[in-house]
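S.K.: Give me a 3D structure for the following:
(chains A and B)
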Amino acid sequence: MSRVLIRGGRLLDPSVDYDAEGDLLLEDGTIAALGADLPAEECEVVEANGLWVAPGLVDIHTHLREPGQEYKEDLASGGRAAVAGGFTSVACMANTEPTNDDPSVTKYILERAAEDSPARVYPVAAATRGLEGQVMTEMAALRDAGAVAFSDDGRVIMNASVMRRVLEYSKLVDAPIVVHAEDTGLRGEGVMNEGAVSTRLGLPGNPVAAEEIHVARDIRLARLTGARLHIAHVSSGGSVELIREAKEAGLSVTAEVTPHHLALTDESATGFDTNSKVSPPLRTHRHAKVLREALVQGVLDCVATDHAPHADHEKDVEFTAAPFGVTGLETSFAIVSDLYRSGEMSALDLIRRLSTVPARIFGIPAGTLAVGARADVVLLDPQKQWKYDAAEGFSKSRNSPWSGQKLTGRVEATFVDGRLVFRAGRGVVMQ
Amino acid sequence: MIGEDLLGIAPLDRARIELILETAERMQEIAGRDVKKVPTLRGRTVVNLFFEPSTRTQTSFEIAGKRLAADVVNFSSNSSSLSKAESLLDTAKTLDAMDPDAVIVRHRVAGVPQRIADALQAPVINAGDGAHEHPTQALLDMLTVYQEKSRFEGLTVTIVGDIAHSRVARSNIYGFTKLGAEVRVAGPPTMLPPGIEELGVKTYTSLREALEGADVVMALRIQLERLTGAYFPSVREYSATFGIDRAKLRFAKSDAIVMHPGPVNRGVELSNELTDDRPSVILDQVRNGVALRMALLYLIAGRRMGEGI
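M.R.: Below you'll find the predicted structure:
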């Protein structure tokens, strides 16, 4: 019998709006008790004075690259990066090689993750075969194999009729359809936000309208079908307005925002650093401000990293040739907790957007400290300064816009299933 | 290396631009000699690293280097495929290991000269990168205008055509505004990029209004193959609305000059006669290009950029 007592922290459980000093007892992989002055007999005691004690963070948007692109990341390294970032549950997108559009691939990912990953891994299966936007996947079989959502992320289902049928059919499995919303024709060859900065740099621009048009289309299709639509990595203030209207109309529409879209702008491309190249692109300060406000208000439901590892030799090329994407698992809490430090968001709401709500959107049993729940817990210090060096990090890839920078807000310890899997300063300590 | 590179006009201050132009004027004297060669850069090596073919610019740099007695090596990469792009920095570093005194980079993608400069010991001169900057073209344009007008303050410079895809336009906008001229840009709305006003220019979709009172009219080359149909309906319509001939030039000042970075699509951007004769100064631009590039090589490969200011 394993017993861990996390003593003297600030317990945060957004699922029941609980915010109080106290102890948390983890017993045999479940949360056994929480409250003041729990007895420490026969317990391994972890002191949490001055720290937040919260349900493990949940990231519903990552690319863990296994199978097929293990030189960028695999389930072991991605899982270590996850727990180092406080994430105890992560969902991984389907654009692996082969594509996760077949139950055998879903099962393979789950089997490998169970062996290799200290974080729980939840596969997102493709919505259409080969991510080609033509033929829908066997959603029931994929769900039975373990898929929690369906998405052609990175690719776009441009044919509205196909998208309509995908949404309709998804009601059979009651799983969200996650969309990368961008009109590919309007996006064209764009590699950054279209605006004054792209004009100055002479790089092909991608206008916000490319995203907004697609968000509008998919919201209309969600209304037509009544299906669960989740909009990935919202980058535009215009999209926020469309999502707000959809929610007011009572549609099953949810949305996420990435740390990089909250914190960075298209000015990051000055100097042509390809770690500013993401899809959808970083927008202007005005859009970033709207995204922050929308996350505070809950119009944007949650944070998701879109952790997209790429090797140095892939990123260190001409701006137009570099792949889109940055890593995000290890820096997400530091970046997003700025909303707490600035006073824009309470501690409870921050954890809500990083854990409870994303878990709910994907139907993942996480995001709570309720007695009897799985003992996935994170200890956080929202004021701790630390230096992030991607080369020293846990991801195999180093394509982070924050590498080399001093960040505030650190993950101190991560427990999965009641076992300590990460401790700041000691690293990942699984098995 | 920062401080010695010439990556664009945007990072230059007015004093630096004036130093380059003054140095270029002194270099022009050499071109008038019987023996057009001085030993200034003897023993120095200049590499032309052209990832995008450009016979004119490359030749201009080559002649400039040779007139200063530098050894000029041409390295042309014919690769246009993205798959070979991975070796971009390797190629540059390989050349760098041979200790050149300057590397001149031309690439179809914006930002490549900067990335190469970040990686290299040798100073880098940008010979044109995507739609970003073409600083040597802008400097030779400034030199040409100064020779014609003897001033920059108070001049009106109208740039006509595909502003969106033009590195020449951007570099000239930076240069002429820094020197005190008013810069206007004119073209079809599809070719006026968003936020261009933030660079300090006025935008026009009426050629006539853009030309009124202009001292300098600069037409840009249109990429006919790639853009016809997508950015403007036809060559005929472009020529009718934004092509410049003697009749339309009457809207400008009576002593306005006409410039073009070349090569001209005759009968499209400029009428045939205007291409060849005054007030067009196109061949002066080419001639000045050699002197201007001699000046830059003298300052950069000769490591004299920090002097004289």
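
S.K.: near chain B, which residues of chain A?
M.R.: Counting by Cβ under 8 Å from any Cβ of the partner chain, the positions of chain A adjacent to chain B are A:194-203, A:205, A:271-272, A:313-314, A:316-321. Every residue, glycine included, has its C-beta placed from N, CA and C.

S.K.: pLDDT at the closest residue in space to B:Pro279 that isn't next to it in sequence, what is it?
M.R.: Leaving out its chain neighbours, the residue that sits closest to B:Pro279 by Cβ to Cβ, 6 or more residues apart in numbering or on different chains is B:Ile257, at 4.9 Å. pLDDT recorded at B:Ile257 is 98.

S.K.: Then B:Ser83?
M.R.: 46.

S.K.: Same check on the one 10 residues further on?
M.R.: Listed pLDDT for B:Lys93 reads 82.

S.K.: Point me to the residue of the stretch 101-250 of chain A nearest chain B.
M.R.: A:Ala196 (2.8 Å; Cβ to the nearest Cβ).

S.K.: Show me what from chain B comes close to chain A.
M.R.: Near chain A, when you scan chain B using Cβ under 8 Å from any Cβ, you find B:10, B:82, B:85-86, B:88-89, B:107, B:109-112, B:114-115, B:129-133, B:164, B:167, B:170, B:193-196, B:198-199.

S.K.: one step back: please pick the buried ones from the residues of chain A next to chain B.
M.R.: Buried members of these, counted by 16 or more other Cβ atoms under 10 Å in any protein chain shown: A:194-203, A:205, A:272, A:314, A:316-321.

S.K.: A:Glu212 in helix, strand or coil?
M.R.: Secondary structure, DSSP: H, G, I helix; E, B strand; the rest coil: A:Glu212 is helix.

S.K.: Which strand or helix spans the residue nearest to it when sequence neighbours are not counted?
M.R.: The shortest distance from A:Glu212 to any non-neighbouring residue, by Cβ to Cβ, 6+ apart, is to A:Gly238 (4.2 Å). Following DSSP states H and E, one finds A:Gly238 within helix A:237-248.

S.K.: A:Tyr340: how many residues sit nearby?
M.R.: 20 (other Cβ atoms under 10 Å in any protein chain shown).

S.K.: Let me see the contact set for it.
M.R.: Applying Cβ atoms under 8 Å, 6 or more residues apart in numbering or on different chains to A:Tyr340 gives the contacts A:346-347, A:350, A:382, A:409.

S.K.: make it 7 Å
M.R.: Applying Cβ atoms under 7 Å, 6 or more residues apart in numbering or on different chains, one finds that A:Tyr340 lies in contact with A:347, A:350, A:382.

S.K.: The last one - that's part of a helix, no?
M.R.: No. When three-state DSSP is applied, A:Pro382 is found to be strand, with no helix at that position.

S.K.: Now do the contacts for it.
M.R.: Contacts of A:Pro382 by Cβ under 7 Å, 6+ apart are A:52, A:337, A:340-341, A:409.

S.K.: now swap in the first one and tell me
M.R.: Contact analysis of A:Ala347 by Cβ under 7 Å, 6+ apart lists A:12, A:19, A:52, A:340.

S.K.: Just the buried subset of these, written out for PyMOL, thanks.
M.R.: This is how PyMOL selects the buried members of these, with burial counted by 16+ other Cβ under 10 Å:
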select buried, chain A and resi 12+52+340
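
S.K.: Among the contacts of A:Ala347, which ones are in strands?
M.R.: A:12, A:19, A:52 (DSSP state E).

S.K.: Can you tell me which of those residues is closest to chain B?
M.R.: Checking the ones in strands among the contacts of A:Ala347 one by one against chain B (Cβ to the nearest Cβ), the nearest turns out to be A:Trp52, at 39.9 Å.

S.K.: Right, I'll call it a day here.
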